[in-house]
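> Take a look and give me a structure for this.
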Amino acid sequence: ALDQDDPPGLRVVVMSATIHAAPFVNFFGSKEVKLIQVPGRQHAVQVFYTPSPEPDVLEAALVAVLQLHVSRPPGDVLVFLPGQDDIDNL
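Prediction:
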């Protein structure tokens, strides 16, 4: 929990679509915490997998996105990558 010695004006914002909020509220002190819940929205998605593991995940992701771009109607593409370096290098 936060102590009297903590910097004045310290603010912590925790956001997640799947978080169980109670442990965070209890940790930071339920009197000081303002919990705001915003209902989520679900969108229909299609999931595509490669038939076998890819040796170069970044190259495979890039090729897949480009293939979807040229072969499908306009829309959004969401790619999950393992780490920040992978995201930055794509």
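
> Quick one: end-to-end length of stretch 46-55, please.
23 Å (C-alpha to C-alpha, to the nearest Å).

> any idea how far the residue nearest to Phe48 when sequence neighbours are not counted is from Leu78?
Nearest residue to Phe48, sequence neighbours excluded (C-beta to C-beta, 6 or more residues apart in numbering): Ala64, at 6.9 Å. In short, each C-beta sits where N, CA and C put it, glycine included. Between Ala64 and Leu78 the computed distance is 12 Å (C-beta to C-beta, to the nearest Å).

> likewise Val47?
Taken as C-beta to C-beta, the span from Val47 to Leu78 is 10 Å.

> Check Met15 too.
Met15 is 18 Å from Leu78, where distance means C-beta to C-beta.

> Same question for the closest residue in space to Val33 that isn't next to it in sequence, what's its three-state structure.
Spatial nearest neighbour of Val33, chain neighbours left out: Val25 (4.8 Å); criterion: C-beta to C-beta, 6+ apart. Judged by DSSP: H, G, I helix; E, B strand; the rest coil, the three-state class of Val25 is helix.

> Ile36 is in contact with Val25, correct?
No - counting by C-beta atoms under 8 Å, Val25 stays clear of Ile36, with 11.5 Å between them.

> Looking at the two, which one has more neighbours?
Val25 (15 against 7; other C-beta atoms under 10 Å).

> mean confidence score for stretch 54-72?
For stretch 54-72, mean pLDDT rounds to 91.

> Phi, psi for Asp86 please.
Note on Asp86: backbone dihedrals following degrees, to the nearest 10 are phi -60, psi -40.
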